[in-house]
Structures are given as C-alpha cells and as structure tokens.
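> One predicted model, sequence on top.
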Amino acid sequence: MAPMMRAAVQEKPEKLVIGEVPVPEINDDEVLIRVKYTGICGTDWSIFTGKYSADKLPLIPGHEFSGVISQVGRNAAGLQEGDRVTADINMSCGHCFYCKRGKKLMCPGFTQLGIHTNGTYADYVKAPWELVHHLPDSVDFMTGAFVEPVSCIIHSAKAMNVEIGSSIAIIGSGLGILHAAVAKLRGAVPVILIGRNPLRLEAGREIGADIIIDTNKVNDPVAEVRKLTGGRGADYVVEAVGTPETYEQAFEMMRPGGTLGAFGITGIEDIVRLKAFDFVLGEKNIVGSCAGVGNDWTDAIALLEYRRIKPQVLFSLAVPLEDLEWALHELKVNKSLSKVFVSSELKKRNYLD
Ligand SMILES: [Zn+2]
Ligand SMILES: [Zn+2]
C-alpha cells in the first residue's frame, strides 16, 4: 500500500477536510519535500470560498512554504535529502512562444503549485527540481515560507523600475508593507504607505514607510498624496488592494509621466474606470505584475539572508494543520493578525511577537 500523509483537502468550496491521502509519488525530474511551514495567503481564502480554482477541486492548497527534501528524482542536480529549501511555485510548458522568451507567467500552460496543483497544507509536497531553491542557514523555516511573497514584490519593483530619489505611494497595508520595504531599498523617497489597518501601517513604518496615511482619519488620500508631492502626484504608485475604487485612486494620485504598478488582484469581472484624456496627455504608465519568477527568488532569499528586508515584524501566529480553516476565518475578522503560518508538525497555536 502507498505510504499515507496528513493533508488539508479542499473538496468543494467551503469544505476543507483534514485527512489521510497518499504521499505524492515523484518522477525523475521532481523532489519530495517534507513541509515545515506554509504562510496563509489571500489566495487560499479565494480558493476556500470558490472564487479561484473551483474547477481544480479536490485540491490541497498552500503555496508559500519551506521544507526539507526527503527524496530526490534521478535528474535532480545539486539537491540532496536533508536540504533546507523552498520552491518557485510557477510552472510552465517550457517551449511555447512565451516560455521561449522567458515569460513563463504568460504561458498558456501556466500553473501554480498549491493553486492549480496540490500544494503544501500537507506533510509532503512534490515539486519540479529545477524550481527548488536552497535556504541559507540564517533563514529560518518561517522566514523561508515568506520567500514567495517577497519574490512577488521584487518582481513588481523591477517591472516598475523604481528610481533612486523618486516618490512612491503604496495603497494597501497587506503586502503593501513589503512594497514599502523594497521601495526604500531602491532609494525611493518619500515612501508613502496608505491603508486602514493601524497596526499594519505601524509595521510598515518599521520596515520602510516614511509617511503613513491612515484612511480612517484621512478621507481623501489622493489630495493628501498630491499635497506631499508638490501638488504633482507621486512618481510611482502601487495598487496593492485589488478593488476598482483603489485602482482609480492610484491612477489619480500618480503624477503625469508617472508609473502605476498594478499588483492588487481584482475580481475577474471588475472594471476600473480611467480618464483616457489624462492617460494620454499625462503620458502615464501602467505596469502589471503577477508573480516572482527565476532570479526574483534568489534575490528574495539574498535580501532575507542579509536582513535587508525584515518581515518578521509581520509574523503573528503559527497554527497546526487542523486549525487551517479556523485561521482562514480568523484572518478575516481579527485585524491584529498579519501573517499566519500553518505547520503539520505543530500541536498547538503559537502566538508570535
Ligand atoms: Zn500567496
Ligand atoms: Zn509555455
């Protein structure tokens, strides 16, 4: 009989079942990884509620992870049992128009581990060996599970090409906080962080923001950003919320000639209204960014290794696998939580400070 493991299986929307499933079998090009931690992401909630991946169920979600290699396929070069790792979750066909141009996120066969294929809310996960990255000793497993979101921010910052000395306004106090940290690294000044969660805004100040705009207190963030930038608007704006309303605000608070980093994921059918007149006469740019790939991952690991980015201020809680569904709901209502991790090795909830 095949060896079994514990996993959280999304059987249908709103039905997440913790149970025994077979340990994944690897082929020559894959490795098997014993999962240490998985960070809960907004995408997991979208999968839970049926907004994403409903056609992929049953599915084991979970994609922001770290672990230890427990088995290597024959072709896996430079990887060994016992290695501490994470893995790029973005998989593509490797030979289409886009893959040949190094643009695998646009591949028609694009899939993501834990979103389209079985992920890491389990004892074990398998991954293509070529996508596996070693974690330096100084990067602990919890931080290792945070490489994926950092790689996404790095991908976005590179796409926008944020220049030293430029102003940037970031809307959103979720992953927006990390945008603030990376913008500071790129030499942007001032870094303006806009959001409505006071605790997270303060965390954002700790890791990179110069100015905080709390929208509970300021009801016109567009006017406020203009005031802070000589009346022009910011050189760069990042939308990291994902609603039409905040996209419209982002467009309005960007100066002529500025660049909007489109990062927040809206609903598939959502429409954002932009003034074409301003867009053309103001020569405004919009740069979309979907995920970290390739060296975005090695860059993220290096920045975490040398503590240029210190995301630990965001780490709130680690819970056993059994508490995944509880944690998904808790994240919706408990505004004191930022990042929550899941581990099948934990026996009880562990609040971090
Ligand atoms: Zn994620
Ligand atoms: Zn392809």
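All right, it came through fine. Ligands and ions are numbered 1, 2, ... in the order given.
> Show me what whichever helix or strand Val125 is part of pairs with in its sheet, parallel or antiparallel.
Secondary structure assignment for Val125, by DSSP states H and E: strand 124-128. The pairing partners recorded for strand 124-128 under DSSP bridges are strand 30-39 (antiparallel).
> Who does the nearest residue to Met254 once chain neighbours are set aside form a beta bridge with?
Distances taken as C-beta to C-beta, 6 or more residues apart in numbering put Val237 closest to Met254, at 4.5 Å, once the chain neighbours are dropped. Just so you know, the C-beta spots here come from the backbone N, C-alpha and C atoms, and that holds for glycine as well. Under DSSP bridges, the beta-bridge partners of Val237 are Ala169, Leu260.
> pLDDT value on Val237, please?
For Val237, the pLDDT comes out at 98.
> for Thr266, same thing?
90.
> same thing with the one 4 residues further on?
If you check Asp270, the pLDDT there is 94.
> so what's the residue nearest to it when sequence neighbours are not counted up against?
Leaving aside its chain neighbours, Asp270 sits nearest to Pro244 (5.2 Å; criterion: C-beta to C-beta, 6+ apart). By C-beta atoms under 8 Å, 6 or more residues apart in numbering, the contact set of Pro244 is 266, 270-273.
> rewinding a little: quick check: mean pLDDT of the strand holding Val125?
Mean pLDDT, strand 124-128: 98.
> Repeat that for stretch 306-314.
Regarding stretch 306-314, the rounded mean pLDDT is 94.
> can you start the count at 20 instead of 1 from here on
With 20 as the first residue, the last one maps to stretch 325-333.
> Dump that stretch to CSV, keeping only the CA atoms.
Output of stretch 325-333 as CSV, limited to C-alpha atoms (Å, rounded to 0.1, in the frame of the first residue of the first chain):
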residue,chain,number,x,y,z
TYR,A,325,21.4,39.6,4.8
ARG,A,326,18.3,41.1,6.6
ARG,A,327,17.8,44.0,4.1
ILE,A,328,14.2,43.0,4.5
LYS,A,329,13.0,42.1,8.0
PRO,A,330,9.5,40.7,7.5
GLN,A,331,9.4,39.1,10.9
VAL,A,332,7.5,42.1,12.3
LEU,A,333,4.6,40.8,10.3
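> ok, the residue nearest the centre of the chain to Leu333 distance?
Closest to where the C-alpha atoms of the chain average out (C-alpha atoms, centre = their mean) is Pro168, at 3.0 Å. Distance of Pro168 to Leu333, given as C-beta to C-beta, to the nearest Å: 10 Å.
> okay, now Val352: neighbour count?
A total of 7 residues lie near Val352 under the criterion other C-beta atoms under 10 Å.
> Could you check the pLDDT of it?
95.
> that older thread, of the contacts of Pro263, buried ones?
Buried members of the contacts of Pro263, scored by 16 or more other C-beta atoms under 10 Å, are 285, 291.
> from the contacts of Pro263, which is closest to ligand 2?
Thr285 (25.1 Å; C-beta to the ion).
> what kind of secondary structure is the closest one in?
On the three-state scheme (DSSP: H, G, I helix; E, B strand; the rest coil), Thr285 is labelled coil.
> Name the nearest residue to it, sequence neighbours excluded.
Leaving aside its sequence neighbours, Thr285 sits nearest to Gly261 (C-beta to C-beta, 6+ apart; 4.9 Å).
> so how far is ligand 1 from the one you found?
Separation of Gly261 from ligand 1 (C-beta to the ion, to the nearest Å): 13 Å.
> which residues touch that residue?
Taking C-beta under 8 Å, 6+ apart as the contact definition, Gly261 lies against 283-285.
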